[in-house]
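Visitor: Sequence first, predicted model second:
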Amino acid sequence: MTLYDKVMELSKRRGFLWPSFEIYGGTSGFVTYGPYGAILKLNIENMWRDFFIYKQENFIEIETPIIMPSAVFEASGHLEHFTDPIIACLKCEKRYRADHLIEELVGVSVEGLAISEMNKIVKEKDLKCPDCKGDLGEVELFNLMFKTNIGAYKGDVGYARPEAAQGMFVEFKRIFNIMREKLPLGIAQIGKTMRNEISPRKGVTRLREFTIMEVEVILDPEEINNCPAFEKYKDTDIMLLTASLQQKGEPPVNITVERALEERLIDNKWLAYFLTVSKNFVKSLGVADDKIRFREQLPHEKAHYSKQTIDLQVYLDGQGWTEIAGHAYRTDWDLSRHIKYSGVDMRVFKKADTPLTVRKLVLKPSKATIGPDFQKDAARVIEELNKLDAAEVKRQLTTQGFIEVAGKKLTSKHIEFEEREEVVKGKKFIPHVIEPSYGADRLVYTTLEHAYSEKEGRIILKLPVKLAPIQIMVYPLVERDGLPDVATQIYRELLGEGFRVEYDVSGSIGRRYARADEIGVPLGITVDYQTLEDKTVTVRDRDTWRQRRVFISELVNILKQFFEGRIYFNQIGSPVDTNLE
RNA sequence: GCGGCCGUGGUCUAGUCUGGUCUAGGACGUUGGCCUUCCAAGCCAACUACCCGAGUUCAAAUCCCGGCGGCCGCACCA
C-alpha cells in the first residue's frame, strides 16, 4: 500500500474526505469533505488568511460571485485562451491541438482563425494524422470553463469562474476607493472555482470544482521593487528551479531570495517577497523544508496574462513534486483589458512629490470661421481637430499653409493657438498585479500526507496543533464509579469555553486513545480514580503519548495557553508516572 | 479521450480462471451489553457488501456487452 493509498484510506474511514456521489457510482473530479475534513480545510484557510491577509499591510478579503456573465471572460481572455481547438484522428483516435497541428503541417500561423477556417485548411490541404496517416475529423472547441445560462432566456450566457481573480479586477474601482486609494493594495478571496478538466486524476489534486485562495496585490509598476516587508525575509533560503535550469536539464539551486533577485531569477521584489510568505505558510502546515521548492513555469506553460510565474511545489508520495501554489506577475493585463472592454477608467492617480509646471501649446478651434465655412460638417471637424497635437498642427500650418481634418482643408484662420502654463500634479497609470494563488484542496491533502505517521502499528496523524479539527478528547478511564459524570462535566465546560472537544466513553481506554490519534487530536484528558481524590486529571500528548497531571480548576487556562502556542506540552502541570515512561 | 489492469460490508480482503454447496467466508471496525484502574485486552450480541444496467443460462459475485468509478501509461493541463 502506498502512502497515498494509506492517507486516502484513513481520510475515507475517519471522515476527512472522499469521492462525491458514491451512491450513484461517483463522478471523478469532485470530493466531499466530512466532519473532520471540513474543519481541517477551514483551519487551513484561516491560517492562509493569517499569512496572506491579516499580517500584510492594507490587505483585505472580498467575496464575489462564482457565475459571471460572458463579458467578464471575453475581457479577461479566458473565452479565447481557455478554449483549445481539438482535432481527432478518425482511425487511431489520437487527439491533437488543431492549431498546433495545422501550424506544424502547413507552416502557417492560424492564430485567431475560426473553427470553420481551420476545418477548411484541413480539407484543402488534405491533412492526415501524422501518426497513422488516417483521416482527421472535425475541429472542435474544448473550453475548460463550465457554461450556463443566466436566467430563463438563452441569450445571457454565463460561465463558472475558472479562477477567483476576475472578481477582484472587476470590482477594483470601488474597492480601491473604499480602501481610500492607497497602493499597494492586496485584495484576497477564498472561494469555489470550476474547471471542466478533461481527465481529473489522483483524487484531490485535480478537481473539477475546487477552492482557490488568491490575493491580487495591486501596485504601482514603478514601485514594484519597493517592498519594505521583504527586508525581514530576504535571507530566506529557497530551492529554486528556474526555466533555464529546466531547459538545460539541471537540478534546482538553493539560494536566498535576495540573491535570486540580484541574479534576476525572480522578476521583482514583491514577487520575491511572496515566495517567502508562501514558504513560511507551507512550513506551518507541517511540510518539511526539503519537501518545498519553487519552480518557474516554462514560457509555453505560462498563462496568457503572465510575465513570470513561479509555482510552489511540495513533494508528495507517488506523484512527486506537485504544484500547490502559483505566483504570477500578471502585469497590467487584467485591468487594462477590463478598462478597454468595459469602457470604465480604472486607472489610478498618483500625486507627484512636487507638482511640475509645464508650458504647453494648446489649440483652439475658431468656431466663428469653422461654422460658416463647413456648415453641417463643422461639429465633426472640431471634434477631430481637438484630438490632434497642437504643436504638430502648428507645424503643418506653417510649412504647407493648411491642414486636412475630417476631409476638410483648414487654414490658419480656422485655428487659434495659445501658450498655456499647466501644473502637472501627478500621473495616471494602470496598476500592475502580483498574484499568489493557492489550491485549498491540494493543501488539505498535503497536510494530511505530511501529518501521517505510524507508531507501533498504529496511525498517528500529527497535524499541527492549530489545524487539528478536534483539539481535545475527554475520557473517563472506565465507565463506572462516577468517572463519566466528572468527565462529562469537564467536556461541557470546555465546549462552553469555545474549544473544539469531543467526549468518548466507548471501548477500552487504549482503543479510545488510538481513535483520537487517527484523527489527530492533540490532547486527551482522562478522568481517573485519582481525580476523585484530588481533583486532577491527566492530559495526554498525541505525539509522545506522555501524560501530565493538572488540576481541573486550572484546565481551561492551561489549555488556552497551549492552543495559543504560549506553552509547550511539557510545561503543562506536573509529569505523570505511567507504565509508558 | 485512448490502451492495460481493476471494482465484494465502514476499511482491508477470500471467492471469479473451472457458473450451482455463496441464505458470500475472514480480519479489523462500529453499536449495545458484560467486564475493565492508562495505550486498538477479553466475552456475548447486533450491524453492514458482490459498482450500475441489460444479456446468456434451469442457475451469475463468477461468463458476455454497455455505463460509471479507481490505478498505471499516453494525450491534455489556467
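Guide: Nice, I can see it. Numbers count the residues shown, from 1 in each chain, chains lettered A, B, ... in the order given.
Visitor: State the distance from the most centrally placed residue in chain A to RNA strand B.
Guide: In chain A, the residue lying closest to the centroid (CA atoms, centre = their mean) is A:S437, at 2.0 Å. Using CB to the nearest atom of the strand, to the nearest Å, one obtains 8 Å as the distance from A:S437 to RNA strand B. For every residue, glycine as well, the C-beta is placed using N, CA and C.
Visitor: Look up which residues are beta-bridged to that residue.
Guide: Here A:S437 sits in beta bridges with A:E214, A:G326, as judged by DSSP bridges.
Visitor: Do I have it right that it meets A:M168?
Guide: No. A:S437 lies out of contact with A:M168 (CB atoms under 8 Å); the separation is 11.2 Å.
Visitor: any common contacting residues for the two?
Guide: By the contact definition CB atoms under 8 Å, 6 or more residues apart in numbering, A:S437 and A:M168 are jointly contacted by A:E214.
Visitor: re the thing from before, could you tell me which residues make contact with the residue nearest to the centre of chain A?
Guide: Residues in contact with A:S437, defined by CB under 8 Å, 6+ apart, are A:E163, A:A165, A:I212, A:M213, A:E214, A:V215, A:A325, A:G326, A:H327, A:A328.
Visitor: among those, which are in reach of RNA strand B?
Guide: Intersecting the contacts of A:S437 with the surroundings of RNA strand B, defined as CB under 7 Å from any atom of the strand, gives A:E163.
Visitor: Can I get the contacts of A:S437 in TSV including neighbour count and distance to A:L443?
Guide: Listed next are those as TSV, based on neighbours: other CB atoms under 10 Å; distance: CB to CB, whole Å:
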residue	neighbour count	distance to A:L443
A:E163	21	16
A:A165	25	18
A:I212	21	11
A:M213	24	8
A:E214	23	13
A:V215	29	15
A:A325	24	9
A:G326	22	13
A:H327	29	15
A:A328	25	18
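Visitor: Mind picking the one among the contacts of A:S437 that's closest to A:H78?
Guide: Top of the list for closeness to A:H78, among these and by CB to CB, is A:E163 at 8.1 Å.
Visitor: tell me the contacts of that closest one?
Guide: Under the criterion of CB under 8 Å, 6+ apart, the contact list for A:E163 reads A:T193, A:I212, A:E214, A:S437.
Visitor: Around RNA strand B, pick out the residues from the stretch 101-250 of chain A.
Guide: Applying CB under 7 Å from any atom of the strand, one finds that the stretch 101-250 of chain A approaches RNA strand B through A:P162, A:E163, A:T193, A:R195, A:E197, A:I198, A:S199, A:P200, A:R201, A:K202, A:G203, A:R206.
Visitor: do the same with the stretch 351-500 of chain A
Guide: Residues of the stretch 351-500 of chain A lying near RNA strand B (CB under 7 Å from any atom of the strand): A:G457, A:R458, A:I459, A:L477, A:V478, A:E479, A:R480.
Visitor: How about the contacts made by the second one?
Guide: So that's A:R458. Under the criterion of CB under 8 Å, 6+ apart, the contact partners of A:R458 comprise A:A514, A:D517, A:E518.
Visitor: I'd say the last one and A:R14 touch.
Guide: Yes. Between A:E518 and A:R14 there is a contact at 5.6 Å, judged by CB under 8 Å.
Visitor: Report the separation between the residue of the stretch 201-350 of chain A found nearest RNA strand B and A:S76.
Guide: Nearest residue of the stretch 201-350 of chain A to RNA strand B, counting by CB to the nearest atom of the strand: A:A303, 2.3 Å away. A:A303 sits at a distance of 10 Å from A:S76 (criterion: CB to CB, to the nearest Å).
Visitor: the more surrounded of those two?
Guide: The neighbour count for A:A303 versus A:S76, taken as other CB atoms under 10 Å, is higher for A:S76 (26 against 16).
Visitor: Model confidence score at that one, please.
Guide: A:S76 is assigned a pLDDT of 88 by the prediction.
Visitor: A:H432 now?
Guide: Looking at A:H432, the pLDDT reads 95.
Visitor: Just give me the neighbour total for it.
Guide: With other CB under 10 Å as criterion, A:H432 counts 25.
Visitor: Could you do A:P251 as well?
Guide: Neighbourhood size, A:P251 [other CB under 10 Å]: 9.
Visitor: quick one: the residue lying farthest from the centre of chain A from RNA strand B, how far?
Guide: Note on chain A: the largest separation between a C-alpha and the mean C-alpha position, by CA atoms, centre = their mean, falls on A:P372 (61.6 Å). Applying CB to the nearest atom of the strand, the value for A:P372 to RNA strand B is 58 Å.
Visitor: what's the answer for A:A38, then?
Guide: 17 Å.
Visitor: Which secondary structure state does that residue sit in?
Guide: helix (DSSP: H, G, I helix; E, B strand; the rest coil).
Visitor: same question, A:F499
Guide: Counting by three-state DSSP, the backbone at A:F499 sits in coil.
Visitor: re earlier: the residue farthest from the centre of chain A is in what secondary structure piece?
Guide: For A:P372, the host element (DSSP states H and E) is helix A:367-374.
Visitor: Which positions in stretch A:168-185 come out as buried?
Guide: Of the residues in stretch A:168-185, those scored as buried under the neighbour-count criterion (16 or more other CB atoms under 10 Å) are A:M168, A:F169, A:V170, A:F172, A:K173, A:I175, A:F176, A:M179, A:L183, A:P184, A:L185.
Visitor: Can I have the buried ones of the residues of the stretch 351-500 of chain A next to RNA strand B as a PyMOL selection?
Guide: The following PyMOL command selects only the buried members of those, with burial defined by 16+ other CB under 10 Å:
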select buried, chain A and resi 459+477
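Visitor: Pull the distance from stretch A:53-71 to the chain's centre.
Guide: Averaging C-alpha coordinates over stretch A:53-71 and over its chain gives two centres that are 11 Å apart (CA atoms, centre = their mean, to the nearest Å).
Visitor: near RNA strand B at all, that stretch?
Guide: No. Contact of stretch A:53-71 with RNA strand B is not found when judged by CB under 7 Å from any atom of the strand; the minimum separation is 13.9 Å.
Visitor: outside of that stretch, which residues touch it?
Guide: With CB under 8 Å, 6+ apart as the test, stretch A:53-71 has contacts from A:49, A:52, A:79, A:148, A:150, A:156-161, A:164, A:166-168, A:170-171, A:175, A:179, A:182, A:184-194, A:215, A:217, A:229, A:341-342.
Visitor: thinking again about what came up before, would you format the residues of the stretch 351-500 of chain A next to RNA strand B as CSV with pLDDT and secondary structure included?
Guide: What follows is those, written out as CSV (pLDDT from 0 to 100; DSSP: H, G, I helix; E, B strand; the rest coil):
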residue, pLDDT, secondary structure
A:G457, 84, coil
A:R458, 91, strand
A:I459, 93, strand
A:L477, 95, coil
A:V478, 94, coil
A:E479, 92, coil
A:R480, 90, coil
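Visitor: ok so, going back, list, out of the contacts of A:R458, those positioned next to RNA strand B.
Guide: When contact is defined as CB under 7 Å from any atom of the strand, the contacts of A:R458 meet RNA strand B at A:A514, A:E518.
Visitor: so which of the contacts of A:R458 is the most crowded?
Guide: Ranked by neighbour count under the definition other CB under 10 Å, the contacts of A:R458 are headed by A:D517 with 23 neighbours.
Visitor: What strand or helix carries it?
Guide: In this structure, A:D517 is located in helix A:509-518 according to DSSP H and E.
Visitor: Mind jotting down where the strands sit in the stretch 351-500 of chain A?
Guide: Remark: strands of the stretch 351-500 of chain A, listed N- to C-terminal, are A:403-405, A:408-410, A:415-429, A:432-439, A:452-455, A:458-461, A:472-476; assignment by DSSP state E, counting those that start in this stretch.
Visitor: mind giving me CSV with the ones you listed and columns for distance to A:E140?
Guide: Converted to CSV, the strands of the stretch 351-500 of chain A look like this (distance: least, CB to CB, whole Å):
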stretch, distance to A:E140
strand A:403-405, 50
strand A:408-410, 52
strand A:415-429, 41
strand A:432-439, 28
strand A:452-455, 42
strand A:458-461, 45
strand A:472-476, 55
